[in-house]
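# Fold the following and give me the result.
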Amino acid sequence: MTHVRRQLAAVTAALALTATSGAMASPAFADPRETDKKATATGYGGAVSTVDPEASAAAIDVLRKGGNAADAAVAAAATLGVTEPYSAGIGGGGYFVFYDAKTQQVGTIDGRETAPAGITQDAFINPADPEGKPYRFTPELVTSGVSVGVPGTPATWERALERWGTMNLRETLKPAIKVADKGFVVDETFRQQTLDNEVRFDAFTSTRDLFLPGGDAPAVGSVFKNPELADTYRQLAKEGTDAFYGGPLAEEIVKTVQAPPKTATTELPVPVGSMTVQDLANYKVLDQAPTKVEYRGYDVYGMAPSSSGGTTVGESLNILENYDLKGMKPVDALHHYIEASSLAFADRGAYVGDPAFVNVPTQTLLNPVFAKERSCEISPTTAATKPVAPGDLKTFDGACPAAVAPLAKDTDTENISTTNLTVADKWGNVVEYTLTIEQTGGSGIVVPGRGFLLNNELTDFSTVYDPKDPNRIEPNKRPRSSMSPTIILKDEKPFLALGSPGGSTIITTVLQTILNRVDLGMTVSEALAAPRAAPRNGATISSEPAFIDAYGPALESLGHDLVPAGDAFTSAAEIGAATAIEFNPDGSLTAAAEPDRRGGGSAMVVKPAKPGR
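Next comes the predicted model:
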């Protein structure tokens, strides 16, 4: 159905005649026009999986021209900034994980946004509230300057190319500039996400002009151009990221944060931020070691704090290692998945934050003995009362402890947007990269004349300051993230690379996909397509309708409470939009993307495998 809709969109675009400053209609078949989406592709010479065909095509083009996985990943990410502007872009941040085929080592870059130096503990408190309560999270707090963190994406691209790439930023930005100039075909997902954020986008003159031309979201089948973003990319291509973290562009970003360009009609309060030019000048990405756990004979590498992805996925796998999931019925394996994830989320909330500011016990959280003790709390026949308590980090010995009382659930405001991409090249290098502007639509604020949205990442901090909370607001601190770019090796060679968007459901999506592939015997494409649930130590489990239909009665009989997935910033009742590449024994690659979620993803290979391989 997705393929049919894409063809229809392309035909419709041929008839589109309206033109505006944001969405300009042009003939559907003008060069280039990548609209076809294929969820699975197998072949040789390199592969890519993203949510968007223009981005996948950009990566494949770089690979065919001799670039490596790092080069192609930056090209794809920059293109996603054009075609997926509500999920990613230079106004945000992310985490870049790279497997180096020569050294057989995995390295990572922490490109997470940081809080401005001038942020205060009460930054999210509404000064007009007589009881001193925070702004309402949605839409007031997220739609603001105070929610904007110092972006890390441009610096991530530059560092990834310096460390692992063979091309420079100018070369890798060329495909994205072309797409921004010539435009891309609007699909149902882009239009619906625009409409879902209409009130927020209409709050700012710059955002309204770009994404609500003529007072409406761009029509399905029209061609959306972003010449302002193309010009911004050209500046970065010419001057490097110094043009972003200093000079006129930095001043424009700061002005937008401190004095958002509000429309005269908006009723949103739009609290202002404190970011300064010095905050941008001081921003640095971090090279750091990945997390690592062993699971069923595989080495699973993930992102260490400030992300909670590597520790929480890793701890969950360590807990599940104690059970023969392959020998269980699927519903019993899913019960153990739910319980293990809930236990790991309890520890995530209690112990994980920015390690530059709090002592994160990463080694303990990934210790198999600690996981063995945590597994004692799983009953094979009954769901634990949620929320469960975090584990005791001081006295664990692998033996089952006495029962402990549950704690109040940590309020999690990390939301479902973000995007993920997976790339492999002909030399065996692999990239797993998750990047984001946080909510669908980020802060809702487009930097005037620059064509990109600013993030709202600071709302990933706990809303109310608590000195004991590892994710409390502090100046220059990175908010805790759930982004979980993951690379799995077998005998030091790649077996599977995967990641997903989805806020805190990123962790559960990656974990469940690994469970599906390794324990339940699914192919990588089946593992991505299977219905999902997102257990995060709450009283209820956010689940896709198809998951409830398939497993609801059986899991509810064990004491689980499944509720339909949903979010304030999108009407889609779905969890994640994962991408993956599996490395096959015959040397071929299988790129897998979503068949339906977020309108379906785009998997491509450099050289398709011959039929009957």
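# residues near residue 527, how many?
Residue 527 has 23 neighbours, counted by other C-beta atoms under 10 Å. Quick note: C-beta positions are derived from backbone N, CA and C, even for glycine.
# Spit out the contact partners of it.
Residues in contact with residue 527 (C-beta atoms under 8 Å, 6 or more residues apart in numbering) are 513-514, 516-517, 520, 580, 592.
# same thing but 6 Å
Shown in contact with residue 527 (C-beta atoms under 6 Å, 6 or more residues apart in numbering): 513, 516-517.
# okay, the residues you listed in JSON lines with secondary structure next?
Below are the contacts of residue 527 laid out as JSON lines (DSSP: H, G, I helix; E, B strand; the rest coil):
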{"residue": "513", "secondary structure": "helix"}
{"residue": "516", "secondary structure": "helix"}
{"residue": "517", "secondary structure": "helix"}
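# So which of these wins on neighbours?
residue 513 (27 neighbours).
# Could you tell me the phi and psi values at the residue lying closest to that one once chain neighbours are set aside?
Distances taken as C-beta to C-beta, 6 or more residues apart in numbering place residue 527 nearest to residue 513, at 4.9 Å, with adjacent residues excluded. Backbone torsions for residue 527, taken as degrees, to the nearest 10, come to phi -60, psi -40.
# same check, this time on the one 3 residues further on
Main-chain torsions, residue 530, degrees, to the nearest 10: phi -60, psi 150.
# From the opening residue of stretch 206-217 to its closing one, how far?
Counting by C-alpha to C-alpha, to the nearest Å, you get 14 Å between the two ends of stretch 206-217.
# What is the distance between it and the centre of its chain?
Distance of stretch 206-217 from the chain centroid (C-alpha atoms, centre = their mean, to the nearest Å) equals 25 Å.
# buried stuff in it?
Buried residues in stretch 206-217, counted by 16 or more other C-beta atoms under 10 Å: 206-213, 217.
# Distance of residue 562 relative to residue 174?
47 Å (C-beta to C-beta, to the nearest Å).
# Which of the two has more residues huddled nearby?
residue 562 (21 against 18).
# is the more buried one in a bridge, and if so with what?
residue 541 (DSSP bridges).
# pull the longest strand from this structure.
Secondary structure of the chain per DSSP state E: the longest strand is strand 40-50.
# and for the following helix or strand past that strand, what are the contacting residues?
Sequence-wise, the next helix or strand downstream of strand 40-50 (DSSP states H and E) is helix 53-64. Outside helix 53-64, the residues that touch it by C-beta under 6 Å, 6+ apart are 34, 37, 46, 48, 50, 71-72, 75-76, 79-80, 83, 175, 179, 184, 423, 425, 602, 604, 606.
# Just the CA trace of the longest strand of the chain, in CSV.
Extracted as CSV, the C-alpha positions of strand 40-50 are listed here (Å, rounded to 0.1, in the frame of the first residue of the first chain):
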residue,chain,number,x,y,z
THR,A,40,13.9,-4.7,2.3
ALA,A,41,16.9,-4.9,0.0
THR,A,42,19.6,-7.5,-0.2
GLY,A,43,22.9,-7.1,-2.1
TYR,A,44,26.6,-6.2,-2.1
GLY,A,45,28.9,-3.3,-2.1
GLY,A,46,27.2,-1.4,0.7
ALA,A,47,23.7,-0.8,2.0
VAL,A,48,21.6,1.8,3.8
SER,A,49,18.3,2.0,5.6
THR,A,50,16.5,5.2,6.5
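# just the angle between that strand and helix 53-64, please?
100 degrees (axes from the mean of the first three to the mean of the last three C-alpha atoms, to 10 degrees).
# what are the ranges of the helices in the stretch 501-613 of the chain?
505-514, 524-529, 545-557 (DSSP state H, counting those that start in this stretch).
# Output the below-cut-off pLDDT ranges for this protein.
Scanning the chain for pLDDT under 70 picks out 1-34, 401-417, 566-572, 611-613.
# Apply 50 and report the result again.
Scanning the chain for pLDDT under 50 picks out 1-30, 32, 405, 407-410, 413-416.
# max-length helix in it?
When the chain is parsed with DSSP state H, its longest helix is helix 330-351.
# now the following helix or strand past it, how far from the chain's geometric center?
Per DSSP H and E, the first helix or strand lying C-terminal to helix 330-351 is helix 362-365. Distance, stretch centre to chain centre, for helix 362-365: 23 Å (C-alpha atoms, centre = their mean).
# which helices and strands sit right next to the helix or strand just after helix 362-365?
Using DSSP H and E, the helix or strand that follows helix 362-365 towards the C-terminus is helix 368-375. Using 3 or more C-beta pairs under 6 Å, 6 or more residues apart in numbering; DSSP states H and E as the contact test, the elements touching helix 368-375 are helix 309-320.
# Please compute how far the helix it packs on lies from its chain's middle.
18 Å.
# CA-only coordinates of that helix in PDB, if you can.
C-alpha atoms of helix 309-320 as PDB (Å, rounded to 0.1, in the frame of the first residue of the first chain):
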ATOM      1  CA  GLY A 309      20.200   3.500  25.600                       C
ATOM      2  CA  GLY A 310      23.400   1.400  26.000                       C
ATOM      3  CA  THR A 311      23.000   0.800  29.700                       C
ATOM      4  CA  THR A 312      19.300   0.000  29.600                       C
ATOM      5  CA  VAL A 313      19.300  -2.200  26.600                       C
ATOM      6  CA  GLY A 314      22.400  -3.900  27.900                       C
ATOM      7  CA  GLU A 315      21.000  -4.500  31.400                       C
ATOM      8  CA  SER A 316      17.800  -5.900  29.900                       C
ATOM      9  CA  LEU A 317      19.700  -8.300  27.700                       C
ATOM     10  CA  ASN A 318      21.800  -9.400  30.700                       C
ATOM     11  CA  ILE A 319      18.600 -10.100  32.700                       C
ATOM     12  CA  LEU A 320      17.100 -12.100  29.700                       C
END
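# So which elements touch that helix?
Checking 3+ C-beta pairs under 6 Å, 6+ apart, helix 309-320 ends up next to strand 291-295, strand 298-302, helix 330-351, helix 362-365, helix 368-375, helix 505-514.
# Out of these, the one nearest residue 387 is which?
helix 330-351 (6.4 Å; C-beta to C-beta).
# what's that closest one packed up against?
By 3+ C-beta pairs under 6 Å, 6+ apart, helix 330-351 packs against helix 309-320.
# ok, 10 Å please
helix 309-320, helix 362-365, helix 368-375, helix 505-514, strand 533-534, strand 541-543, helix 545-557 (3 or more C-beta pairs under 10 Å, 6 or more residues apart in numbering; DSSP states H and E).
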